[in-house]
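Peer 1: no FASTA, just this:
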């Protein structure tokens, strides 16, 4: 009877080496595919939220939802003849601490006025965000957000009615601002609005970095896109959780573009 010949040690090592090489080639490809999937879901979430944002405006004579997330709703005074009415602008979502229990964070989302339209807490979170952070998106400072003081209450820049947005396809209203580190800004737990300077070439909030060195955004016309950062210092600011004025030309272009599309124009 002939005995079957087994693999030699050298042959086994060759096979193992080939498998290791194939894994080394496949793992980055698979990770890239996973990232593209996360990005697609994130863009879909922003699509849903921006549609809710538009529906709210349509139901309220064009008024934009309160883009701040302060615990106490903003008070608005309306004077009509001798009658003065004070009402609350309920935020689109209420602030929450990412370190809080998940159901507590979700309760803060459900208290927000846009949940009336979205009806899904999952669309408030990027799948690439921190595992226990239930809201990663922010309304931009110019869209009835925390930005009136940045432009001296200029109603064409800090807009409160959709009719004042001249080019909706060029006006960013929502951004994936989710924290990439624990202390991403001086006030890491609130995320009132995403802020950037109008008058100066300066990041006020650090640029968000996600999805392979960029971020996802939604515009006032309901289209969404992924924006890849060109500047090394833009990515550094985002990863370090710092802000300020870019020192390189490519970083300056990133900042300039975001200023233009958030505020609708440049000075």
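Peer 2: Yep, it's here. Note that the coordinates shown come from a computational prediction; the quantities given were computed from them, not determined experimentally.
Peer 1: centre-most residue in the protein?
Peer 2: Central residue check for the chain by Cα atoms, centre = their mean: the C-alpha nearest the mean position is that of residue 176, 1.3 Å away.
Peer 1: what is it paired to in the beta sheet?
Peer 2: residue 137 (DSSP bridges).
Peer 1: looks like it contacts residue 46 (just checking).
Peer 2: Yes: proximity of residue 176 to residue 46 meets the contact threshold set by Cβ atoms under 8 Å, at 7.1 Å. In this view, the C-beta of every residue, glycine as well, is placed from N, C-alpha and C.
Peer 1: now the common contact residues for these two.
Peer 2: For the pair residue 176 and residue 46, residues contacting each of them under the criterion Cβ atoms under 8 Å, 6 or more residues apart in numbering are 137, 216-217.
Peer 1: nearest to residue 119, out of those residues: which one, please.
Peer 2: Within the shared contacts of residue 176 and residue 46, proximity to residue 119 (Cβ to Cβ) peaks at residue 137, which comes in at 16.0 Å.
Peer 1: how many other residues sit next to that closest one?
Peer 2: Close neighbours of residue 137, defined as other Cβ atoms under 10 Å, add up to 27.
Peer 1: the stretch 151-267 of the chain: strands as residue ranges?
Peer 2: 172-176, 214-219, 224-228 (DSSP state E, counting those that start in this stretch).
Peer 1: and those strands as CSV, adding distance to residue 241 and mean pLDDT?
Peer 2: Listed next are those as CSV, based on distance: least, Cβ to Cβ, whole Å; pLDDT from 0 to 100:
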stretch, distance to residue 241, mean pLDDT
strand 172-176, 15, 97
strand 214-219, 14, 97
strand 224-228, 19, 97
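Peer 1: out of these, nearest to residue 69?
Peer 2: Of the strands of the stretch 151-267 of the chain, the one closest to residue 69 (Cβ to Cβ) turns out to be strand 172-176, at 12.7 Å.
Peer 1: now the strands for the stretch 1-150 of the chain?
Peer 2: Ranges of strands in the stretch 1-150 of the chain, per DSSP E, counting those that start in this stretch, are 74-80, 83-89, 137-139.
Peer 1: which residues does the last one contact?
Peer 2: Okay, so that is strand 137-139. Here strand 137-139 makes contact (Cβ under 8 Å, 6+ apart) with 45-46, 49, 53, 65, 67-69, 92, 124-126, 145, 173-178, 191-194.
Peer 1: before we move on, back to that, out of the strands of the stretch 151-267 of the chain, indicate the one that is most buried.
Peer 2: Mean neighbour count (mean count of other Cβ atoms under 10 Å) peaks for strand 172-176 among the strands of the stretch 151-267 of the chain, with a mean of 27.
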